[in-house]
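1. The following block contains a protein sequence and its predicted model.
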Amino acid sequence: MNSPANPVERKQSLTGARLCKHADYQAAYAASRKRQSASMSWFLSVRRDDEVAGPRVGLTAGKVLGKAHERNRIKRRMREALRRHVDLLPAGADLILHPRRIVLTMDFGKLEAEVVRILTQARAEAERVAKATAEAQPA
(Lines give C-alpha, C1' and ligand atoms only; values in the text may rest on other atoms or scores of the structure.)
Protein backbone atom coordinates (compact mmCIF):
# COMPACT_ATOMS: atom_id res chain seq x y z
CA MET A 1 0.00 0.00 0.00
CA ASN A 2 1.25 3.48 -0.85
CA SER A 3 1.40 5.88 2.04
CA PRO A 4 1.35 9.67 1.54
CA ALA A 5 4.79 9.87 3.12
CA ASN A 6 6.23 7.58 0.44
CA PRO A 7 4.62 8.50 -2.90
CA VAL A 8 5.42 6.27 -5.84
CA GLU A 9 6.75 8.07 -8.91
CA ARG A 10 4.48 7.40 -11.86
CA LYS A 11 6.40 6.39 -14.96
CA GLN A 12 5.59 8.25 -18.13
CA SER A 13 5.23 6.16 -21.24
CA LEU A 14 6.00 6.58 -24.92
CA THR A 15 3.26 4.12 -25.91
CA GLY A 16 0.96 6.62 -27.62
CA ALA A 17 3.78 8.87 -28.77
CA ARG A 18 5.64 6.50 -31.10
CA LEU A 19 5.87 6.38 -34.86
CA CYS A 20 4.97 2.85 -35.89
CA LYS A 21 4.18 2.76 -39.61
CA HIS A 22 6.70 2.95 -42.42
CA ALA A 23 4.49 5.50 -44.17
CA ASP A 24 4.67 7.79 -41.11
CA TYR A 25 8.47 7.65 -41.19
CA GLN A 26 8.53 8.36 -44.93
CA ALA A 27 6.16 11.33 -44.57
CA ALA A 28 8.31 12.75 -41.77
CA TYR A 29 11.49 12.35 -43.81
CA ALA A 30 9.89 14.04 -46.83
CA ALA A 31 8.68 17.02 -44.81
CA SER A 32 11.87 17.67 -42.83
CA ARG A 33 15.58 18.22 -43.12
CA LYS A 34 18.39 16.37 -41.38
CA ARG A 35 19.92 17.99 -38.30
CA GLN A 36 23.09 16.85 -36.54
CA SER A 37 24.18 16.63 -32.94
CA ALA A 38 27.22 15.07 -31.30
CA SER A 39 25.86 11.53 -31.00
CA MET A 40 22.84 11.42 -33.31
CA SER A 41 21.08 12.99 -36.24
CA TRP A 42 17.42 13.93 -36.10
CA PHE A 43 14.49 14.93 -38.27
CA LEU A 44 11.56 17.13 -37.23
CA SER A 45 8.31 17.31 -39.19
CA VAL A 46 5.44 19.52 -38.02
CA ARG A 47 2.10 17.96 -38.93
CA ARG A 48 -0.93 19.78 -40.29
CA ASP A 49 -3.70 20.89 -37.94
CA ASP A 50 -6.19 18.34 -39.28
CA GLU A 51 -3.92 15.45 -38.24
CA VAL A 52 -3.49 13.98 -34.76
CA ALA A 53 -2.26 16.70 -32.39
CA GLY A 54 -0.13 14.56 -30.10
CA PRO A 55 3.64 14.41 -30.48
CA ARG A 56 5.23 11.29 -31.93
CA VAL A 57 8.80 10.06 -31.82
CA GLY A 58 10.57 7.42 -33.87
CA LEU A 59 13.89 5.65 -33.33
CA THR A 60 15.97 3.94 -35.96
CA ALA A 61 18.98 1.71 -35.45
CA GLY A 62 20.34 0.24 -38.66
CA LYS A 63 22.70 -2.69 -38.97
CA VAL A 64 25.62 -0.31 -39.32
CA LEU A 65 25.38 0.30 -35.56
CA GLY A 66 26.34 -3.25 -34.71
CA LYS A 67 24.88 -6.64 -33.97
CA ALA A 68 21.28 -7.07 -32.83
CA HIS A 69 22.08 -7.03 -29.10
CA GLU A 70 24.01 -3.76 -29.51
CA ARG A 71 21.24 -2.13 -31.57
CA ASN A 72 18.68 -3.26 -28.99
CA ARG A 73 20.73 -1.74 -26.17
CA ILE A 74 21.06 1.54 -28.06
CA LYS A 75 17.29 1.65 -28.57
CA ARG A 76 16.60 0.80 -24.91
CA ARG A 77 18.89 3.60 -23.74
CA MET A 78 17.28 6.06 -26.15
CA ARG A 79 13.75 5.05 -25.13
CA GLU A 80 14.59 5.50 -21.45
CA ALA A 81 16.08 8.96 -22.03
CA LEU A 82 13.00 9.93 -24.04
CA ARG A 83 10.60 8.43 -21.50
CA ARG A 84 12.10 10.61 -18.76
CA HIS A 85 11.48 13.75 -20.81
CA VAL A 86 8.36 12.90 -22.81
CA ASP A 87 6.80 16.19 -21.68
CA LEU A 88 9.39 18.08 -23.79
CA LEU A 89 8.21 16.50 -27.06
CA PRO A 90 6.87 19.20 -29.41
CA ALA A 91 3.09 18.98 -29.77
CA GLY A 92 1.79 18.17 -33.24
CA ALA A 93 5.19 17.11 -34.57
CA ASP A 94 7.02 13.94 -35.58
CA LEU A 95 10.59 13.58 -34.35
CA ILE A 96 12.87 10.84 -35.68
CA LEU A 97 16.20 10.12 -33.98
CA HIS A 98 19.10 8.30 -35.63
CA PRO A 99 21.62 7.48 -32.89
CA ARG A 100 25.29 6.87 -33.67
CA ARG A 101 27.29 3.99 -32.28
CA ILE A 102 28.76 6.20 -29.53
CA VAL A 103 25.34 6.07 -27.78
CA LEU A 104 26.15 2.49 -26.83
CA THR A 105 29.08 3.45 -24.61
CA MET A 106 28.53 7.08 -23.60
CA ASP A 107 27.57 8.02 -20.06
CA PHE A 108 23.79 7.95 -19.64
CA GLY A 109 23.78 11.43 -18.08
CA LYS A 110 25.42 12.86 -21.20
CA LEU A 111 22.98 10.99 -23.42
CA GLU A 112 20.04 12.29 -21.42
CA ALA A 113 21.39 15.87 -21.57
CA GLU A 114 21.75 15.62 -25.34
CA VAL A 115 18.23 14.25 -25.73
CA VAL A 116 16.90 17.14 -23.63
CA ARG A 117 18.82 19.62 -25.79
CA ILE A 118 17.42 18.08 -28.98
CA LEU A 119 13.88 18.05 -27.59
CA THR A 120 14.22 21.71 -26.58
CA GLN A 121 15.48 22.66 -30.04
CA ALA A 122 12.73 20.62 -31.68
CA ARG A 123 10.05 22.26 -29.54
CA ALA A 124 11.34 25.76 -30.40
CA GLU A 125 11.48 24.86 -34.10
CA ALA A 126 7.96 23.39 -34.05
CA GLU A 127 6.60 26.51 -32.34
CA ARG A 128 8.37 28.74 -34.88
CA VAL A 129 6.94 26.76 -37.82
CA ALA A 130 3.45 26.72 -36.29
CA LYS A 131 3.56 30.48 -35.73
CA ALA A 132 4.74 31.13 -39.29
CA THR A 133 2.00 28.86 -40.66
CA ALA A 134 -0.67 30.61 -38.58
CA GLU A 135 0.48 34.04 -39.77
CA ALA A 136 0.49 32.91 -43.41
CA GLN A 137 -3.14 31.75 -43.28
CA PRO A 138 -5.73 34.50 -43.84
CA ALA A 139 -8.13 35.13 -40.96
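-> Arrived safely, thanks for sending. Numbering: from 1, shown residues only.
2. Please count neighbours and contacts with C-alpha atoms only from this point.
-> Fine.
3. now the helices: where do they sit in this protein?
-> Listed in chain order, the helices of the chain (DSSP state H) span 22-30, 68-84, 108-136.
4. Next, the buried residues of the second one.
-> What it means is helix 68-84. By neighbour count with 16 or more other CA atoms under 10 Å, helix 68-84 contains the buried residues 71, 74, 75, 77, 78, 79, 80, 81, 82, 83, 84.
5. In the protein, which residue is most central in space?
-> Centroid-nearest residue in the chain: residue 57, 4.1 Å away (criterion: CA atoms, centre = their mean).
6. In this structure that residue contacts residue 21, no?
-> No. Shown here, residue 57 and residue 21 do not form a contact pair, counting by CA atoms under 8 Å, at 11.6 Å.
7. how far away is residue 60 from residue 134?
-> Using CA to CA, to the nearest Å, one gets 32 Å for the distance from residue 60 to residue 134.
8. How far does stretch 108-116 sit from its chain's centre?
-> Taking CA atoms, centre = their mean, to the nearest Å, the mean C-alpha location of stretch 108-116 is offset from the chain mean by 13 Å.
9. can you check stretch 66-82 too?
-> On the basis of CA atoms, centre = their mean, the separation between the geometric centre of stretch 66-82 and that of its chain is 14 Å.
10. got the contact list for it?
-> Outside of stretch 66-82, the residues that reach it under the criterion CA atoms under 8 Å, 6 or more residues apart in numbering are 14, 59-63, 65, 99, 101, 103-104, 108, 111-112, 115.
11. Would you list the buried entries among the residues you listed?
-> Neighbour counting by 16+ other CA under 10 Å classes 14, 59, 61, 65, 99, 101, 103, 104, 111, 112, 115 among the contacts of stretch 66-82 as buried.
12. and the spatially closest residue to the second one that is not a sequence neighbour, what are its bridge partners?
-> Meaning residue 59. Closest residue to residue 59 in three dimensions, ignoring its sequence neighbours and counting by CA to CA, 6 or more residues apart in numbering: residue 97, at 5.1 Å. Bridge pairing for residue 97 (DSSP bridges) gives the partners residue 42, residue 59.
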